[in-house]
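# coords please:
(2 chains)
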Amino acid sequence: MIQTDILIIGAGPCGLFTVFEAGLLKLRCHLIDALPQPGGQCAEIYPKKPIYDIPAYPSILAGQLVDRLMEQAEPFKPGFTLGERAEQIEKDDEDQFIVTTNRGTQHRAPIIAIAGGLGCFEPRKPPVPQLADFEDKGVEYIIKDPEFYRDKKVVISGGGDSALDWTIFLAEGVASEVTLVHRRREFRGHLDSVQKVMDLADAGRVKLVTDAEVIGVDGDGQLASVEIKTKADGNHTIKTDHWVPLFGLSPKLGPIADWNLNITKNAVEVDTFDYSTSVPGVYAIGDINTYPGKLKLILCGFHEATLMVQSAFKRIYPDKNLVLKYTTVNGVNGFEG
Amino acid sequence: MDNTIRVSVTDREGQVHELDAPTDMGMNMMELCKSAELPVEGTCGGMAMCASCHIYVESDHDLPEKSDDEEDMLDEAFFVEDNSRLGCQLHLTNELDGLKVKLAPVGN
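Okay, here's the model as predicted:
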């Protein structure tokens, strides 16, 4: 069981800055994020995009912003549970929350700060009828272990780097047959990957089906075939053991929708006094919250984080007086280890 | 009226919304739909990085060509047709008066 003072759900910019502000009040933080790296959208969707409205940075790349926030949080030694989704919340008899992830990791804290942004990033699932019936029965959205596909027939869909890279990998001596289906002829991946796939197609090791999409799945309990619609010559059914649709990630509010919080339009309602939710001890900051006048801006999230930790402190230490201390006077005194 | 155009948006239930759109505010179709509280996500905020503002253009306006970014993102969308666009990449200009669009269906 991981014990901390503030358990932050979401390791995006807002969650990371919370570590710093909490640290100034000598509160420790631990972050959970469904993505394998910290930074949230900034790291996952647009790391190379400049942001122009961070005070004192006329321009900063989203990825750089994450790096600097990590640096700023570092003295306060945050803990991370990455690549896991916060799934369940309950309370123990000492008024502490227990949050369990989808992999069973347990965390305990008196305060929960939901900084979940748009929610958890999950693979985009194509709108194919009966798709759910074949999930993990031949349909996988993520390739975890390529050995799983040894000597199997595999159909991959998508036009980005992951589709290209796995096509190449599986075609070079792993799968018995690889088909790549893509909606147009151009691919958006790295040029050398595109070239490699073309070469493998010419050599007959990859079956390339472009201007096409998979529109159906079939099988008796286990995937046996997919139906492909092509622009040029109608529909084909091809036999396959696996279909791996690789259409990127999209955010879903996910399990926190079931945490008994007041939710309006996929956002958690908060009181702007301290960004507390309807559940005492649970706060929501950044893009995931909503209140009259809400703006989804990183800089607003920073402000929310700062006010929120003050309230969290008073909840943890109701008898202590809190005096605002300026970093210019006191510096930043981190934690040891 | 100067600097205002009329755009019609058909939602996923088939209902048509006639929207007045300013052309001097630097707005795009995704933002216009959101400001009218139509169910358009616009997750990435308009950077052509999420495909959650996928629409079909149903009038024959002369539209700016799709950028590579827009084409690339449409690869991650579903129900893509020849008239598919990302709303966030259609900037509202006076030339688009009378534009007719339809919201694309959303996947799971």
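
# okay, CA-based contacts and neighbour counts for the rest of this
Fine.

# Give me the below-cutoff pLDDT ranges for chain B.
For chain B, applying pLDDT under 70 flags the ranges B:1, B:107-108.

# got the contact list for the spatially most central residue of it?
By CA atoms, centre = their mean, chain B has its centre lying nearest to B:G87, at 2.7 Å. Neighbour list for B:G87: B:28-30, B:53-55 [criterion: CA atoms under 8 Å, 6 or more residues apart in numbering or on different chains].

# Any figure for the gap between it and B:K66?
11 Å (CA to CA, to the nearest Å).

# of all the contacts of B:G87, which comes closest to chain A?
Nearest to chain A, judged by CA to the nearest CA, of those is B:C53 at 12.6 Å.

# Next, count neighbours for that closest one.
Counted with other CA atoms under 10 Å in any protein chain shown, residues neighbouring B:C53 total 28.

# For chain A, name the helix or strand with the lowest mean pLDDT.
When the helices and strands of chain A are scored by mean pLDDT, DSSP states H and E, strand A:249-252 comes last with a mean of 85.

# ok, that strand near chain B or not?
Yes. Applying CA under 8 Å from any CA of the partner chain, one finds strand A:249-252 in contact with chain B at A:S250.

# Show me what the helix or strand following that strand is packed up against.
Per DSSP states H and E, the first helix or strand lying C-terminal to strand A:249-252 is strand A:263-264. For strand A:263-264, there is no helix or strand it packs on, judged by 3 or more CA pairs under 8 Å, 6 or more residues apart in numbering or on different chains; DSSP states H and E.

# what pairs with strand A:263-264, and is each one parallel or antiparallel?
Note on strand A:263-264: by DSSP bridges, its sheet partners are strand A:267-269 (antiparallel).

# For the strand it pairs with, give the mean pLDDT please.
Mean pLDDT, computed over strand A:267-269, is 96.

# what residues does that strand touch?
Strand A:267-269 has contacts (CA under 8 Å, 6+ apart) with A:261-263, A:277-278, A:284, A:287-291.

# between the residues you listed, which is closest to A:E84?
Distance to A:E84, by CA to CA, is smallest for A:I288 among the contacts of strand A:267-269, at 18.3 Å.

# Now name the helix or strand holding the spatially closest residue to the closest one that is not a sequence neighbour.
In space, and not counting its chain neighbours, A:I288 is closest to A:G117: 4.7 Å by CA to CA, 6 or more residues apart in numbering or on different chains. Assigned by DSSP H and E, A:G117 belongs to neither a helix nor a strand.

# right, and A:G117 touches A:G286 too?
Yes. Using CA atoms under 8 Å, A:G117 is in contact with A:G286, at 6.2 Å.

# Include pLDDT and neighbour count when you put the contacts of strand A:267-269 into JSON lines, please.
JSON lines is the format used below for these (pLDDT from 0 to 100; neighbours: other CA atoms under 10 Å in any protein chain shown):
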{"residue": "A:L261", "pLDDT": "96", "neighbour count": "17"}
{"residue": "A:N262", "pLDDT": "96", "neighbour count": "15"}
{"residue": "A:I263", "pLDDT": "94", "neighbour count": "19"}
{"residue": "A:T277", "pLDDT": "98", "neighbour count": "23"}
{"residue": "A:S278", "pLDDT": "96", "neighbour count": "16"}
{"residue": "A:A284", "pLDDT": "98", "neighbour count": "30"}
{"residue": "A:D287", "pLDDT": "95", "neighbour count": "22"}
{"residue": "A:I288", "pLDDT": "96", "neighbour count": "22"}
{"residue": "A:N289", "pLDDT": "97", "neighbour count": "29"}
{"residue": "A:T290", "pLDDT": "97", "neighbour count": "23"}
{"residue": "A:Y291", "pLDDT": "98", "neighbour count": "14"}
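
# among the residues you listed, which are in strands?
Among these, the ones falling in strands (DSSP state E) are A:263, A:284, A:289-290.

# Of all pairs in the contacts of strand A:267-269, which one is the farthest apart?
Checking those with CA to CA, the most distant pair is A:S278 and A:D287, at 17.3 Å.

# hmm, back to that, wait, what's in contact with the residue nearest to A:I288?
Contacts of A:G117 (CA under 8 Å, 6+ apart): A:10, A:12, A:40-41, A:286-288.

# how's chain A carved up into domains?
A:2-122+A:250-330, A:131-247 (automatic domain parsing).

# Show the average pLDDT along the shortest one.
Read that as domain A:131-247. Averaged across domain A:131-247, pLDDT comes to 95.

# would you list every one of the helices in chain A?
Applying DSSP state H to chain A gives helices spanning A:13-24, A:40-44, A:62-73, A:161-171, A:191-202, A:298-316, A:327-330.

# of all those helices, which lies closest to chain B?
Of these, nearest to chain B by CA to the nearest CA is helix A:40-44, at 8.4 Å.

# For that closest one, list the C-alpha coordinates in CSV.
Extracted C-alpha coordinates of helix A:40-44, given in CSV (Å, rounded to 0.1, in the frame of the first residue of the first chain):
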residue,chain,number,x,y,z
GLY,A,40,-0.7,14.1,-19.8
GLN,A,41,-1.9,15.6,-23.1
CYS,A,42,1.2,17.9,-23.3
ALA,A,43,3.4,14.8,-23.6
GLU,A,44,1.0,12.4,-25.4
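
# helices or strands next to that helix in the packing?
Packed against helix A:40-44 by the contact rule (3+ CA pairs under 8 Å, 6+ apart) you find helix A:62-73.

# Contact partners for B:D72?
Taking CA under 8 Å, 6+ apart, we find B:D72 in contact with A:159-160, A:187-188.

# and it, what helix or strand is that in?
Per DSSP H and E: helix B:68-74 holds B:D72.

# I'd like the distance from that helix to the chain centre, please.
14 Å (CA atoms, centre = their mean, to the nearest Å).

# Name the residues of that helix that are buried.
Buried residues in helix B:68-74, counting neighbours by 16 or more other CA atoms under 10 Å in any protein chain shown, are found at B:70-74.

# Switch those residues over to CSV; also include distance to A:H236.
Below are the buried residues of helix B:68-74 laid out as CSV (distance: CA to CA, whole Å):
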residue, distance to A:H236
B:E70, 29
B:E71, 25
B:D72, 25
B:M73, 26
B:L74, 23
